[in-house]
Each structure stands twice: as C-alpha cells, then as structure tokens.
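Asks: give me a model of this one.
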Amino acid sequence: MGVLGIAGLLAPPVWAQTTPAPQPQSMAPAAAPAPEAAAPAKKWTLTTGLDFTSAYLFRGILQQSGGAIAQPYADIGVTVAPNATVNFGNWDSVHSTSPAGHFYESDYYASVTFTAGKVKPGLLYTSYTSPADRFATVHELAGVVSFDDSKSTFPLSPKIILAFELGDGQADGGREKGTYLELGVRPTVKLAPKATLAIPVKLGLSANHYYEGPTGDNTFGFFDLGLQLSVPVASGKGGALEAHGGVDFYRLGDNMKLLNDGDAFKPVATVGVTFTY
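Replies: Numbers count the residues shown, from 1 in each chain. As a prediction, the model looks like this:
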C-alpha cells in the first residue's frame with residue numbers, strides 16, 4: 001500500500017538543427033541567421049526505480065519490519081492537453097521474511113492531474129493487491145491537490161490527499177469503509193554541487209473510520225518527519241539516473257502503536273535509485 005510516489009522530470013531530447021545557408025557577400029551587412037526552432041515538448045515520461053527499506057509502514061500502519069524489503073515501481077506520465085497529464089503504473093513490495101509468501105503487495109493505479117496556475121488538482125484511483133494473500137484487495141479513490149512553488153527560494157510543495165475506500169477490503173483491517181486525510185509539505189534545499197536535501201513532513205488523519213482499533217482515539221494516525229538526500233548519477237539523451245537515501249521518523253497514534261509492539265516511535269531508513277526517461 002505504498003505511496004506513490006513518484007516524481008522525476010527529464011528535459012526533452014535535443015533534436016538536430018539545420019545550419020543556416022551562407023548569405024551572399026554584399027556591401028550591406030549580412031542578415032542575421034534565422035532563429036532555430038525550439039525542440040518539441042516531450043509528450044510522455046517514464047519513471048522507474050527500486051528502493052530498499054528497513055520497515056514498511058503504509059500511512060503509519062506497520063506491514064513489515066526486519067529482513068530485506070525491496071520496493072520496485074514504474075510510472076508512465078502522458079501529457080494529454082496543455083494543462084492535463086495522465087499517469088498510470090505499478091508499485092510492489094517484496095519481503096524476504098514474509099511467512100505467507102515473499103510477494104507481499106502489488107498496487108496498480110491511474111491518475112489525472114490538471115494545472116491551474118500553480119495549483120494542481122487531480123484524481124487518483126488505486127487497487128492495492130496482495131499476491132501472497134496477506135490482505136484483501138483494497139480499492140480507493142483519492143482527490144489530490146498540490147501547489148507548485150518550485151520557483152521560490154525555499155519551495156515547500158504543499159499537498160493535500162483525501163482518499164475514500166470503495167470496496168469491502170479495508171487498509172487498516174477495520175469493518176467500515178474509511179476516509180483518509182493527509183496533509184504534507186516537502187521543503188527542499190539545493191546542496192553543492194548538485195545534491196538536493198528534502199525534508200518531507202506528513203500528518204495522517206482519519207476523516208471517517210480509517211484508523212479503527214480498540215482505543216478511544218482513532219483520529220490521529222501518524223506524524224512523519226523525514227530527511228532525504230538525492231544525488232544525480234548520470235544524465236543524457238538516454239535518460240537520467242538518480243541515487244537517494246534517507247530516514248523517516250514516525251510518531252504513531254494509539255491504534256498504530258499497538259501494531260508496532262506498543263512503541264509510538266518508529267525510525268525507517270531507505271536507500272534506492274530512480275531512472276527517468
């Protein structure tokens with residue numbers, strides 16, 4: 001039940017340019033060469049990668065801790081209009097110590113995102129499945145609103161997610177269809193020479209029957225403060241490769257604490273690579 005994401009952009013390929021024909025000699029100054037045509041904008045983007053993590057928490061709900069946890073993913077984004085993009089892809093989680101099967105989870109999703117100035121509203125449908133039958137399939141429809149302040153001196157990239165469970169399967173194992181609310185920001189700082197430090201902050205809440213459990217307080221799910229360092233490895237016409245690593249510090253709500261052996265605090269380390277074309 002991984003959060004996609006997922007984001008990386010590659011500059012459009014450089015197309016060959018035609019050299020202007022020589023101008024005839026004359027007493028008048030030679031005419032300036034005609035400006036070269038701009039390269040056509042890229043209509044699609046492929047992003048794929050692989051992460052290794054010390055524990056797998058889905059919105060503060062502990063799925064696996066310990067052993068080797070590999071999480072590959074792939075995403076295709078297609079520009080369908082000047083202000084609309086469609087994405088679809090897959091995200092998996094494979095566990096070395098899962099007693100009921102190593103292929104713990106495979107998620108399939110499709111989304112559409114619109115651009116209205118700096119505001120980007122969108123819809124995201126996700127089907128969370130477990131090839132190892134560790135949980136029943138969960139169908140979810142989410143509204144996502146993000147704000148693009150990437151040109152500011154200290155971008156925050158705020159985002160709001162409101163997700164509705166549609167079927168009988170419940171992400172938290174409860175009995176009622178839940179509604180999940182997430183508030184987040186992702187400040188970024190550019191480091192020399194090309195490294196980037198991100199400081200993601202997330203607050204996960206139950207808007208209705210999401211973090212169900214035996215305790216009286218089931219509204220607060222988790223608070224996550226993270227640090228992630230990203231470094232470009234290679235880039236060119238064949239794509240861009242990036243390496244990243246970091247740690248997330250989770251403060252868990254009462255019901256989520258019960259799933260974490262009674263501990264309210266959970267650090268999670270992650271390293272991985274992302275390829276974008």
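Asks: where in the stretch 151-277 of the chain is pLDDT low?
Replies: Under the criterion pLDDT under 70, the flagged ranges of the stretch 151-277 of the chain are 216-217.
Asks: can you show me the strands along it?
Replies: Shown for the stretch 151-277 of the chain, the strands assigned by DSSP state E, counting those that start in this stretch span residues 159-165, 179-185, 188-190, 196-198, 201-208, 220-236, 239-252, 265-276.
Asks: now the stretch 1-150 of the chain
Replies: Counting by DSSP E, counting those that start in this stretch, the stretch 1-150 of the chain has strands at residues 44-58, 61-81, 84-95, 103-114, 119-129, 138-147.
Asks: now the fourth one: average pLDDT?
Replies: Mean pLDDT, computed over strand 103-114, is 97.
Asks: kindly report the same for the fifth one.
Replies: In this model, strand 119-129 carries a mean pLDDT of 97.
Asks: quick one: it to chain centroid distance?
Replies: Its chain's C-alpha centre and that of strand 119-129 lie 11 Å apart, by Cα atoms, centre = their mean, to the nearest Å.
Asks: list the buried residues of that strand.
Replies: 120, 122, 124, 126-129 (16 or more other Cβ atoms under 10 Å). Using the backbone N, CA and C atoms, a C-beta is placed for each residue, glycine as well.
Asks: circling back to that earlier point, nearest to residue 74, out of the strands of the stretch 151-277 of the chain?
Replies: Of all these, the one in closest proximity to residue 74, counting by Cβ to Cβ, is strand 265-276 (9.6 Å).
Asks: my read: residue 71 touches residue 57, true?
Replies: No - counting by Cβ atoms under 8 Å, residue 71 does not reach residue 57; the two are 12.0 Å apart.
Asks: distance to residue 79 and mean neighbour count for the strands of the stretch 151-277 of the chain - can I get that in CSV?
Replies: Listed next are the strands of the stretch 151-277 of the chain as CSV, based on distance: least, Cβ to Cβ, whole Å; neighbours: other Cβ atoms under 10 Å:
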stretch, distance to residue 79, mean neighbour count
strand 159-165, 21, 18
strand 179-185, 25, 18
strand 188-190, 24, 12
strand 196-198, 24, 15
strand 201-208, 28, 18
strand 220-236, 21, 16
strand 239-252, 18, 18
strand 265-276, 15, 17
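Asks: nearest approach to residue 96 belongs to which of these?
Replies: Nearest of these (Cβ to Cβ): strand 265-276, 15.9 Å.
Asks: angle of that closest one against strand 239-252?
Replies: Taking axes from the mean of the first three to the mean of the last three Cα atoms, to 10 degrees, one finds strand 265-276 and strand 239-252 inclined to each other by 170 degrees.
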